[in-house]
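>>> A structural model of the following input is requested.
(one chain, ligands or ions: 1)
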Amino acid sequence: MKILLTGASGLVGSAFAEAAKRRGHQVVGVVGAYAAAIPGLAEKRALDLTGAEGVTALALEVFPDAIVNCAAVAEPAACDADPARAQALNVELPALLAKLAHHLSARLIHVSTEQVFAGDRSPYAVGDAPRPLNLYGRQKMEGERRVREAAPDFAATVRAPLLTGNSLGGARSLHERLLADWAAGRAPRLYRDEIRQPCTAGNLAEVLLELCERGDLRGVFHWAGAETLSRVELARRIRTHFKLGPEAAPIVEIARADDPAATARRPANLALDLKPLAGVLKTPIETFDAQLDQLILPPPVRAWYFGL
Ligand SMILES: NC(=O)c1ccc[n+]([C@@H]2O[C@H](COP(=O)([O-])OP(=O)(O)OC[C@H]3O[C@@H](n4cnc5c(N)ncnc54)[C@H](OP(=O)(O)O)[C@@H]3O)[C@@H](O)[C@H]2O)c1
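Numbering: from 1, shown residues only. A predicted model of the protein is given here:
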(Lines give C-alpha, C1' and ligand atoms only; values in the text may rest on other atoms or scores of the structure.)
Protein backbone atom coordinates (compact mmCIF):
# COMPACT_ATOMS: atom_id res chain seq x y z
CA MET A 1 0.00 0.00 0.00
CA LYS A 2 1.25 3.53 -0.77
CA ILE A 3 0.82 5.72 2.32
CA LEU A 4 1.23 9.48 2.68
CA LEU A 5 2.28 10.13 6.28
CA THR A 6 2.28 13.56 7.90
CA GLY A 7 4.25 14.19 11.09
CA ALA A 8 6.81 11.56 10.07
CA SER A 9 9.41 13.03 12.44
CA GLY A 10 7.11 13.02 15.48
CA LEU A 11 6.72 10.44 18.23
CA VAL A 12 3.83 8.61 16.55
CA GLY A 13 4.78 9.29 12.92
CA SER A 14 8.31 7.92 13.27
CA ALA A 15 6.96 4.77 14.94
CA PHE A 16 4.43 4.44 12.13
CA ALA A 17 7.13 4.72 9.44
CA GLU A 18 9.03 1.79 10.95
CA ALA A 19 5.96 -0.35 11.51
CA ALA A 20 4.70 0.25 7.96
CA LYS A 21 8.04 -0.70 6.43
CA ARG A 22 8.06 -3.95 8.45
CA ARG A 23 4.66 -4.76 6.93
CA GLY A 24 5.89 -4.02 3.39
CA HIS A 25 4.15 -0.69 2.80
CA GLN A 26 5.68 2.22 0.89
CA VAL A 27 5.57 5.39 2.98
CA VAL A 28 6.11 8.95 1.75
CA GLY A 29 6.69 10.91 4.95
CA VAL A 30 6.24 14.66 5.44
CA VAL A 31 8.40 16.51 7.96
CA GLY A 32 8.48 20.15 8.99
CA ALA A 33 11.76 21.27 10.54
CA TYR A 34 13.34 17.84 11.19
CA ALA A 35 16.45 17.45 9.00
CA ALA A 36 17.87 13.94 9.68
CA ALA A 37 16.93 10.65 8.00
CA ILE A 38 13.86 8.76 9.25
CA PRO A 39 14.04 4.94 9.36
CA GLY A 40 11.25 3.23 7.44
CA LEU A 41 10.42 5.97 4.96
CA ALA A 42 10.62 5.24 1.24
CA GLU A 43 10.75 9.00 0.67
CA LYS A 44 11.00 12.05 2.93
CA ARG A 45 9.50 15.41 1.97
CA ALA A 46 9.91 18.69 3.84
CA LEU A 47 6.73 20.77 3.63
CA ASP A 48 4.98 23.39 5.74
CA LEU A 49 1.62 21.73 6.34
CA THR A 50 -0.05 25.06 7.14
CA GLY A 51 -0.07 25.80 3.40
CA ALA A 52 -3.10 24.25 1.70
CA GLU A 53 -1.66 24.52 -1.82
CA GLY A 54 1.49 22.57 -0.98
CA VAL A 55 -0.47 19.85 0.83
CA THR A 56 -2.91 19.50 -2.05
CA ALA A 57 -0.15 19.36 -4.67
CA LEU A 58 1.74 16.69 -2.71
CA ALA A 59 -1.35 14.53 -2.19
CA LEU A 60 -2.20 14.69 -5.90
CA GLU A 61 1.38 13.88 -6.85
CA VAL A 62 1.72 10.90 -4.46
CA PHE A 63 -1.86 9.65 -5.08
CA PRO A 64 -1.78 7.44 -1.96
CA ASP A 65 -3.99 4.51 -1.02
CA ALA A 66 -4.05 5.89 2.51
CA ILE A 67 -3.21 9.13 4.30
CA VAL A 68 -2.09 8.90 7.93
CA ASN A 69 -2.18 12.21 9.80
CA CYS A 70 0.26 12.32 12.69
CA ALA A 71 1.11 16.03 12.32
CA ALA A 72 -0.20 18.32 15.05
CA VAL A 73 0.60 20.88 17.66
CA ALA A 74 0.30 18.09 20.19
CA GLU A 75 0.56 19.83 23.55
CA PRO A 76 -1.80 22.17 25.40
CA ALA A 77 0.92 24.70 26.27
CA ALA A 78 2.10 24.90 22.66
CA CYS A 79 -1.48 25.52 21.48
CA ASP A 80 -1.90 28.32 24.02
CA ALA A 81 1.41 29.85 22.94
CA ASP A 82 0.45 30.02 19.24
CA PRO A 83 -3.28 29.41 18.77
CA ALA A 84 -3.30 30.32 15.07
CA ARG A 85 -0.57 27.84 14.17
CA ALA A 86 -2.25 25.22 16.33
CA GLN A 87 -5.59 25.88 14.58
CA ALA A 88 -3.90 25.37 11.20
CA LEU A 89 -2.33 22.06 12.23
CA ASN A 90 -5.05 20.64 14.51
CA VAL A 91 -8.18 21.74 12.62
CA GLU A 92 -7.56 23.03 9.08
CA LEU A 93 -5.02 20.33 8.14
CA PRO A 94 -7.21 17.32 9.05
CA ALA A 95 -10.15 19.00 7.31
CA LEU A 96 -8.11 19.43 4.12
CA LEU A 97 -6.70 15.88 4.30
CA ALA A 98 -10.24 14.55 4.68
CA LYS A 99 -11.36 16.44 1.56
CA LEU A 100 -8.35 15.09 -0.33
CA ALA A 101 -8.99 11.53 0.90
CA HIS A 102 -12.57 11.79 -0.33
CA HIS A 103 -11.37 13.18 -3.67
CA LEU A 104 -8.73 10.43 -4.09
CA SER A 105 -10.93 7.63 -2.66
CA ALA A 106 -8.08 7.06 -0.20
CA ARG A 107 -8.31 5.91 3.39
CA LEU A 108 -7.66 8.64 6.01
CA ILE A 109 -6.41 7.67 9.44
CA HIS A 110 -6.40 10.67 11.75
CA VAL A 111 -5.00 10.78 15.30
CA SER A 112 -6.92 12.62 17.99
CA THR A 113 -6.60 12.64 21.77
CA GLU A 114 -8.36 11.58 24.98
CA GLN A 115 -8.10 15.27 25.93
CA VAL A 116 -11.36 15.88 24.07
CA PHE A 117 -12.90 14.66 27.35
CA ALA A 118 -13.19 16.56 30.63
CA GLY A 119 -11.91 13.69 32.79
CA ASP A 120 -14.79 13.74 35.24
CA ARG A 121 -16.13 10.24 34.57
CA SER A 122 -14.45 7.04 33.55
CA PRO A 123 -13.98 5.10 31.43
CA TYR A 124 -15.06 7.13 28.41
CA ALA A 125 -16.83 5.24 25.61
CA VAL A 126 -16.56 6.34 21.97
CA GLY A 127 -20.13 7.61 22.03
CA ASP A 128 -19.69 9.84 25.10
CA ALA A 129 -19.98 13.57 24.45
CA PRO A 130 -16.61 15.36 24.33
CA ARG A 131 -16.19 18.30 26.71
CA PRO A 132 -12.63 19.59 26.38
CA LEU A 133 -11.13 21.72 29.15
CA ASN A 134 -8.39 23.42 27.12
CA LEU A 135 -7.71 24.87 23.67
CA TYR A 136 -5.80 21.77 22.54
CA GLY A 137 -8.80 19.57 23.36
CA ARG A 138 -11.23 21.98 21.68
CA GLN A 139 -9.14 22.09 18.52
CA LYS A 140 -8.76 18.31 18.40
CA MET A 141 -12.53 17.92 18.88
CA GLU A 142 -13.12 20.31 15.99
CA GLY A 143 -10.56 18.43 13.87
CA GLU A 144 -12.47 15.18 14.50
CA ARG A 145 -15.73 16.85 13.47
CA ARG A 146 -14.29 18.24 10.25
CA VAL A 147 -12.81 14.84 9.32
CA ARG A 148 -16.15 13.12 9.96
CA GLU A 149 -17.96 15.74 7.89
CA ALA A 150 -15.63 15.68 4.85
CA ALA A 151 -14.82 11.96 4.56
CA PRO A 152 -17.44 9.87 6.36
CA ASP A 153 -16.85 6.90 4.05
CA PHE A 154 -13.06 6.94 4.17
CA ALA A 155 -11.92 8.15 7.58
CA ALA A 156 -11.10 6.54 10.91
CA THR A 157 -10.09 8.78 13.83
CA VAL A 158 -8.27 7.26 16.81
CA ARG A 159 -8.31 9.01 20.18
CA ALA A 160 -4.93 8.17 21.68
CA PRO A 161 -3.81 8.31 25.32
CA LEU A 162 -0.67 9.74 26.88
CA LEU A 163 2.10 8.07 24.89
CA THR A 164 5.25 6.29 25.98
CA GLY A 165 8.04 5.11 23.69
CA ASN A 166 11.26 6.32 22.11
CA SER A 167 11.25 9.45 19.97
CA LEU A 168 13.77 10.28 17.23
CA GLY A 169 15.43 13.06 19.22
CA GLY A 170 15.11 11.32 22.59
CA ALA A 171 13.36 14.30 24.21
CA ARG A 172 9.64 14.00 23.39
CA SER A 173 8.01 11.12 25.27
CA LEU A 174 7.12 10.61 28.91
CA HIS A 175 10.26 8.80 30.13
CA GLU A 176 12.50 11.01 27.98
CA ARG A 177 11.14 14.14 29.65
CA LEU A 178 11.36 12.72 33.15
CA LEU A 179 14.96 11.63 32.59
CA ALA A 180 15.79 15.07 31.13
CA ASP A 181 14.43 16.70 34.30
CA TRP A 182 16.44 14.40 36.54
CA ALA A 183 19.59 14.86 34.45
CA ALA A 184 19.20 18.65 34.80
CA GLY A 185 18.83 18.34 38.59
CA ARG A 186 15.11 19.17 38.55
CA ALA A 187 12.43 17.36 40.57
CA PRO A 188 9.28 17.08 38.41
CA ARG A 189 6.03 18.09 40.17
CA LEU A 190 3.53 15.32 39.43
CA TYR A 191 -0.13 14.79 40.32
CA ARG A 192 -0.93 11.80 42.45
CA ASP A 193 -4.61 12.05 41.44
CA GLU A 194 -4.35 12.59 37.68
CA ILE A 195 -5.01 9.28 35.93
CA ARG A 196 -3.87 8.23 32.46
CA GLN A 197 -3.93 4.97 30.45
CA PRO A 198 -0.73 5.05 28.37
CA CYS A 199 0.41 2.89 25.49
CA THR A 200 3.56 3.13 23.38
CA ALA A 201 3.67 5.11 20.17
CA GLY A 202 4.72 1.86 18.49
CA ASN A 203 1.61 0.06 19.70
CA LEU A 204 -0.58 2.93 18.49
CA ALA A 205 1.26 2.83 15.15
CA GLU A 206 0.30 -0.85 14.73
CA VAL A 207 -3.32 0.14 15.30
CA LEU A 208 -3.11 2.92 12.72
CA LEU A 209 -1.64 0.44 10.24
CA GLU A 210 -4.37 -2.10 10.82
CA LEU A 211 -6.90 0.66 10.25
CA CYS A 212 -5.22 1.55 6.92
CA GLU A 213 -5.82 -2.05 5.90
CA ARG A 214 -9.35 -2.27 7.33
CA GLY A 215 -11.54 0.02 5.21
CA ASP A 216 -14.64 -1.35 6.94
CA LEU A 217 -13.71 0.44 10.19
CA ARG A 218 -14.88 4.04 9.94
CA GLY A 219 -15.68 6.75 12.48
CA VAL A 220 -14.14 7.52 15.86
CA PHE A 221 -12.29 4.90 17.95
CA HIS A 222 -10.41 4.70 21.24
CA TRP A 223 -7.02 3.10 21.86
CA ALA A 224 -4.89 2.99 25.02
CA GLY A 225 -2.93 0.62 27.26
CA ALA A 226 -4.16 -2.08 29.63
CA GLU A 227 -3.71 -0.11 32.87
CA THR A 228 -4.71 3.20 34.38
CA LEU A 229 -2.00 4.82 36.50
CA SER A 230 -1.50 8.15 38.23
CA ARG A 231 1.26 10.47 37.01
CA VAL A 232 3.19 9.72 40.21
CA GLU A 233 2.87 5.95 39.70
CA LEU A 234 4.02 6.29 36.09
CA ALA A 235 7.13 8.21 37.12
CA ARG A 236 7.94 5.77 39.94
CA ARG A 237 7.67 2.77 37.60
CA ILE A 238 9.90 4.51 35.05
CA ARG A 239 12.40 5.42 37.76
CA THR A 240 12.56 1.81 38.96
CA HIS A 241 12.86 0.51 35.40
CA PHE A 242 15.99 2.62 34.91
CA LYS A 243 17.32 1.49 38.32
CA LEU A 244 17.23 5.02 39.74
CA GLY A 245 16.38 5.93 43.33
CA PRO A 246 14.69 8.99 44.83
CA GLU A 247 18.01 10.77 45.30
CA ALA A 248 19.05 10.78 41.63
CA ALA A 249 15.46 10.90 40.41
CA PRO A 250 13.30 12.89 42.86
CA ILE A 251 9.55 13.38 42.40
CA VAL A 252 7.51 16.12 44.06
CA GLU A 253 4.03 14.68 44.61
CA ILE A 254 1.18 17.16 44.32
CA ALA A 255 -2.61 16.89 44.42
CA ARG A 256 -5.02 18.54 42.00
CA ALA A 257 -6.60 20.44 44.88
CA ASP A 258 -3.24 22.17 45.48
CA ASP A 259 -3.64 24.21 42.29
CA PRO A 260 -7.30 24.62 41.26
CA ALA A 261 -6.50 27.27 38.63
CA ALA A 262 -4.15 24.92 36.73
CA THR A 263 -6.22 21.78 37.16
CA ALA A 264 -9.38 23.48 35.86
CA ARG A 265 -7.76 23.07 32.44
CA ARG A 266 -6.34 19.56 33.03
CA PRO A 267 -8.62 16.50 32.80
CA ALA A 268 -8.40 14.40 35.98
CA ASN A 269 -9.14 10.88 34.80
CA LEU A 270 -8.80 9.95 31.13
CA ALA A 271 -9.49 6.22 31.24
CA LEU A 272 -10.85 4.98 27.90
CA ASP A 273 -13.20 2.15 27.05
CA LEU A 274 -11.47 0.45 24.10
CA LYS A 275 -14.58 -1.10 22.59
CA PRO A 276 -15.10 -1.79 19.73
CA LEU A 277 -11.49 -1.72 18.47
CA ALA A 278 -10.16 -4.00 21.21
CA GLY A 279 -12.37 -6.81 19.95
CA VAL A 280 -11.64 -6.53 16.24
CA LEU A 281 -7.93 -5.72 15.84
CA LYS A 282 -4.95 -8.08 16.08
CA THR A 283 -2.75 -5.50 17.84
CA PRO A 284 -2.46 -6.48 21.52
CA ILE A 285 -3.32 -4.07 24.32
CA GLU A 286 -0.08 -3.36 26.18
CA THR A 287 0.52 -3.68 29.89
CA PHE A 288 2.70 -0.98 31.40
CA ASP A 289 5.46 -3.54 32.03
CA ALA A 290 5.46 -4.40 28.32
CA GLN A 291 5.82 -0.68 27.58
CA LEU A 292 8.71 -0.29 30.03
CA ASP A 293 10.55 -3.17 28.36
CA GLN A 294 10.67 -1.16 25.13
CA LEU A 295 12.09 2.05 26.58
CA ILE A 296 15.69 2.88 25.84
CA LEU A 297 17.93 5.31 27.66
CA PRO A 298 17.62 8.50 25.57
CA PRO A 299 20.89 9.72 24.02
CA PRO A 300 20.63 13.24 25.56
CA VAL A 301 20.86 11.85 29.14
CA ARG A 302 23.38 9.03 28.66
CA ALA A 303 26.41 10.99 29.89
CA TRP A 304 24.55 11.96 33.10
CA TYR A 305 23.23 8.43 33.64
CA PHE A 306 26.56 6.66 33.22
CA GLY A 307 28.25 9.31 35.37
CA LEU A 308 26.03 8.54 38.38
N1 LIG B 1 2.34 12.51 22.39
C2 LIG B 1 1.26 12.16 23.10
O3 LIG B 1 1.35 11.79 24.30
C4 LIG B 1 -0.12 12.16 22.44
C5 LIG B 1 -1.22 11.79 23.22
C6 LIG B 1 -2.49 11.73 22.64
C7 LIG B 1 -2.65 12.08 21.31
N8 LIG B 1 -1.57 12.49 20.58
C9 LIG B 1 -1.81 12.84 19.17
O10 LIG B 1 -0.97 12.05 18.37
C11 LIG B 1 -0.61 12.76 17.18
C12 LIG B 1 0.88 12.72 17.02
O13 LIG B 1 1.46 13.37 18.15
P14 LIG B 1 3.04 13.29 18.45
O15 LIG B 1 3.19 13.26 19.92
O16 LIG B 1 3.66 12.25 17.61
O17 LIG B 1 3.49 14.75 17.95
P18 LIG B 1 4.95 15.33 17.91
O19 LIG B 1 5.95 14.33 18.37
O20 LIG B 1 4.90 16.65 18.62
O21 LIG B 1 5.19 15.58 16.35
C22 LIG B 1 4.49 16.56 15.66
C23 LIG B 1 4.76 16.39 14.19
O24 LIG B 1 4.06 17.41 13.47
C25 LIG B 1 4.97 17.98 12.54
N26 LIG B 1 4.63 19.38 12.27
C27 LIG B 1 4.23 20.31 13.16
N28 LIG B 1 4.01 21.48 12.52
C29 LIG B 1 4.27 21.26 11.21
C30 LIG B 1 4.22 22.07 10.04
N31 LIG B 1 3.83 23.36 10.07
N32 LIG B 1 4.55 21.51 8.86
C33 LIG B 1 4.96 20.22 8.78
N34 LIG B 1 4.99 19.40 9.85
C35 LIG B 1 4.67 19.92 11.04
C36 LIG B 1 6.32 17.88 13.21
O37 LIG B 1 7.34 17.99 12.23
P38 LIG B 1 8.81 18.61 12.55
O39 LIG B 1 9.17 18.21 13.94
O40 LIG B 1 9.66 17.99 11.48
O41 LIG B 1 8.68 20.10 12.39
C42 LIG B 1 6.23 16.49 13.82
O43 LIG B 1 6.54 15.52 12.86
C44 LIG B 1 -1.21 14.16 17.33
O45 LIG B 1 -2.42 14.23 16.63
C46 LIG B 1 -1.47 14.28 18.83
O47 LIG B 1 -2.53 15.17 19.07
C48 LIG B 1 -0.30 12.54 21.10
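
>>> list the buried residues for stretch 269-276?
Across stretch 269-276, burial judged by 16 or more other Cβ atoms under 10 Å covers 269-272, 274. Every C-beta, even on glycine, is put in place using the N, C-alpha and C of the backbone.

>>> is it true that Leu49 touches Pro94?
No: Leu49 is beyond contact range of Pro94, at 10.3 Å (criterion: Cβ atoms under 8 Å).

>>> for the helix or strand where Ala95 lies, which helices and strands make contact with it?
Element membership for Ala95 (DSSP states H and E) is helix 93-104. Here helix 93-104 touches helix 52-62, strand 66-69, strand 107-113, helix 135-150, going by 3 or more Cβ pairs under 8 Å, 6 or more residues apart in numbering; DSSP states H and E.

>>> adjacent strands (with direction) for the second one?
The partner list of strand 66-69 in its sheet, established with DSSP bridges, is strand 2-6 (parallel), strand 107-113 (parallel).

>>> ok now it, how far from the chain's centre?
In this view, strand 66-69 has its centroid 14 Å away from the chain centroid, taken as Cα atoms, centre = their mean, to the nearest Å.

>>> go on, the last one?
In this view, helix 135-150 has its centroid 15 Å away from the chain centroid, taken as Cα atoms, centre = their mean.

>>> count of neighbours near Ser167?
For Ser167, the neighbour count with other Cβ atoms under 10 Å is 19.

>>> looking at this, it is in a helix?
No: going by DSSP: H, G, I helix; E, B strand; the rest coil, the assignment for Ser167 is coil, not a helix.

>>> mind listing what it touches?
Contact analysis of Ser167 by Cβ atoms under 8 Å, 6 or more residues apart in numbering lists 10-11, 14, 173, 176, 201.

>>> all the strands of the stretch 151-300 of the chain, residue numbers only.
155-160, 163-164, 189-191, 195-196, 199-200, 219-222, 229-230, 252-254 (DSSP state E, counting those that start in this stretch).

>>> dump those strands to CSV, plus distance to the ligand, mean pLDDT and mean neighbour count.
Shown next, in CSV, are those (distance: least, Cβ to the nearest ligand atom, whole Å; pLDDT from 0 to 100; neighbours: other Cβ atoms under 10 Å):
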stretch, distance to the ligand, mean pLDDT, mean neighbour count
strand 155-160, 4, 98, 24
strand 163-164, 4, 98, 26
strand 189-191, 15, 98, 17
strand 195-196, 9, 98, 22
strand 199-200, 10, 98, 27
strand 219-222, 11, 98, 20
strand 229-230, 14, 98, 18
strand 252-254, 20, 98, 14
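
>>> how about a markdown table for the buried residues of stretch 269-276, with distance to Glu210 and pLDDT added?
Shown next, in a markdown table, are these (distance: Cβ to Cβ, whole Å; pLDDT from 0 to 100):
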| residue | distance to Glu210 | pLDDT |
| --- | --- | --- |
| Asn269 | 27 | 98 |
| Leu270 | 23 | 98 |
| Ala271 | 23 | 98 |
| Leu272 | 17 | 98 |
| Leu274 | 14 | 98 |
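
>>> by neighbours, which of the contacts of Ser167 wins?
Neighbour max across the contacts of Ser167 (other Cβ under 10 Å) = Ser14, 30 neighbours.

>>> can you say which two of the buried residues of stretch 269-276 are spatially most distant?
Spatial extent of those (Cβ to Cβ) is set by the pair Asn269 and Leu274 at 15.5 Å.

>>> can you put the strands of the stretch 151-300 of the chain in TSV and add distance to Ile296?
Output for those, formatted as TSV (distance: least, Cβ to Cβ, whole Å):
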stretch	distance to Ile296
strand 155-160	21
strand 163-164	12
strand 189-191	22
strand 195-196	21
strand 199-200	12
strand 219-222	28
strand 229-230	21
strand 252-254	26
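
>>> quickly compare the strands paired with strand 66-69 and say which is most buried.
strand 107-113 (a mean of 27; mean count of other Cβ atoms under 10 Å).

>>> so for that strand, what's the average pLDDT?
Mean per-residue pLDDT for strand 107-113: 98.

>>> interface residues of the stretch 1-150 of the chain facing the ligand?
Counting by Cβ under 6 Å from any ligand atom, the residues of the stretch 1-150 of the chain close to the ligand are 7-13, 31-34, 48-50, 70-72, 74, 89, 111, 113, 140.

>>> strands - which of the residues you listed land there?
Those of those mapping onto strands are 31, 111, 113, per DSSP state E.

>>> quick check, nearest of these to Tyr305?
Val31 (28.7 Å).

>>> and that closest one, how many residues sit next to it?
24.
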